[in-house]
Structure formats: structure tokens, C-alpha cells
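Enquirer: Everything below, folded, please.
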Amino acid sequence: MESVEVKELSFAYENTDTLILKNLNMQIQEGDFVCLLGQSGCGKSTLLRLLAGLEKPTNGEILIDGKPIKGASLERSVVFQDYGLFPWMTAGENIVLALKQKFPKQKKSELKAIAKEMLVKVGLDESVYGKLPKELSGGMKQRCAIARSFSINPPVLLMDEPFGALDAVTRARLQEMVLDLWKSDETKKIVFFVTHDVDEALLLANKIFVLGQKPSSVIYSCEIPEEDKPDRNSLYENVHIMKLRNELIKYINQDVTEHIE
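Expert: Numbering: from 1, shown residues only. Alright, predicted model coming up:
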């Protein structure tokens, strides 16, 4: 994996002339953690569906290493806000199901071992392998969903407001966990992370794109150099980050104002 390029991307659902996305352009490199900011309904999740290959562009294209996306692929895994776990399968079986698709020739015992290892990596006990989703808290279910996505080792990870339904403490813990997994990963994944939270974007991303209201395009973008990356303790003390935070909020608020006047 070297790059993801979004070129003049526009999208409207079939049988409608209403564009949701219009002339989007992005250039993403290996190892980038990208946060997509913007108001509800601006097309952030739609962009993720296009990146996942679940929808096709109306115009323009998305290129991965110079090749257009043609349908869904295990090279791009998605973590949803609602966990996406099959309720009739245990947490471990949900992970093994994904592993079977990625590694069809490996023995079930080997896949089970990988699943248990990933559960431990996301801070869960091995015993969670045998529990049904209904027996788990929201935070535990989301850890399982993240374990499933990381277990198949995709070059591109797509995360659609994965912590939006969680309490503040659990959200903070999972933010740190995802960052640790991403940083320790030898494959240098590209991550696309949808959020409404400016502070979450600043903590996680090295590239941030703000999408305007429909038809949505990029109204602001920025990069955060490694030397300026804040942690939770310095988020409100780093002068550069505070300035950037105000800039992001300004563009989001300006976009809201323009559409309610």
C-alpha cells in the first residue's frame, strides 16, 4: 500500500439528480491517519462506503496505488458505529468468520488462536471469545469489532464514528487503543476515521479534511506534523494545536451559518 487518491469524486444515488458529494479531491499516503469532519448528512459515511467499494462514483474515481476500486475487498475493512457483530455468533466466531475469508487455507485452530490473540491486544480477556454480543458492554463490542478488522490486516481501515455511542471514559480508552494498534502495526495502515468531534480528530489524525454541506466538497484541510502531534495532556496547551482547533471550528461554523441563512 502506497497511496489512496480521490480524484474529482462526485456521487448521487440512482434515480436522483441530487449530488451528495461533488468534486472531492484527496491525496493520502501510506501510514496516514485521516479524519473526516463535518456536520451530519454532509456525506462522510457515503465517502467511506465509496472507499469500501460498496457504492460506485457518479463521476470521478478513487485510486488505490493507481488502480480504481472495483467493489468490496478484504484489503479495506470497515468498523461501524453499531459494531456490526452477528448476534447469533460469539465474539470469537465473528472474528474467525472474517479470518476464514482472508486466510481460507489456514486451520480453524490457527484462526481461533489469532482471534484470541487479537482480543487480548484490544484489552479483552480470552474468555470473551466464547461470549455472545448481548453479553458484552458497548465498549467491549467495539473492541471486538476493532479486533476483527485488525486481525485480517487490511492496508486500509475505514472507521465510521466507531466511538460515537460510547461514554467519555470508554471513548478515550478506545482512542488510545486504536492509536497504539496503528502505530505498532508493521504494515503502516491508512486509516479513514469519520467523526463529528474536532478534539478527537486532533488527537488521532495527521491529516484532517472538513466536508461542507451537500453537495459536499472539501472546504478545509490540514496536516499535523509529527513534532506538533498532541497527546491528551497537551491538547489544550499546545499553541499551534489550539490555533488549528479554532480554525477547524471556524470553518465548520461558517458552513453551518451559510446553510441556515
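Enquirer: Residue 50 reaches residue 11, doesn't it?
Expert: Yes - applying CB atoms under 8 Å as the test, residue 50 and residue 11 come out as touching, 6.3 Å apart. Glycine gets a C-beta too; all of them are placed from N, C-alpha and C.
Enquirer: Overlap of the contact sets of the two?
Expert: 21, 57 (CB atoms under 8 Å, 6 or more residues apart in numbering).
Enquirer: Pick out the residue nearest the middle of the protein.
Expert: residue 159 (2.2 Å; CA atoms, centre = their mean).
Enquirer: On the three-state scheme, that residue is what?
Expert: strand (DSSP: H, G, I helix; E, B strand; the rest coil).
Enquirer: check contacts around residue 8.
Expert: Counting by CB under 8 Å, 6+ apart, residue 8 touches 23, 24, 25, 59, 60, 61.
Enquirer: Dump the residues you listed to JSON lines, plus pLDDT and neighbour count.
Expert: Output for those, formatted as JSON lines (pLDDT from 0 to 100; neighbours: other CB atoms under 10 Å):
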{"residue": "23", "pLDDT": "93", "neighbour count": "15"}
{"residue": "24", "pLDDT": "93", "neighbour count": "23"}
{"residue": "25", "pLDDT": "94", "neighbour count": "14"}
{"residue": "59", "pLDDT": "93", "neighbour count": "14"}
{"residue": "60", "pLDDT": "93", "neighbour count": "17"}
{"residue": "61", "pLDDT": "93", "neighbour count": "15"}
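Enquirer: from these, which is closest to residue 178?
Expert: Set against residue 178, the nearest of the contacts of residue 8 by CB to CB is residue 24 (24.5 Å).
Enquirer: ok, for that closest one, nearest residue in space, not its chain neighbours?
Expert: residue 9 (4.1 Å; CB to CB, 6 or more residues apart in numbering).
Enquirer: State whether the one you found is indeed within a helix.
Expert: No - judged by three-state DSSP, residue 9 forms no part of a helix; its state is strand.
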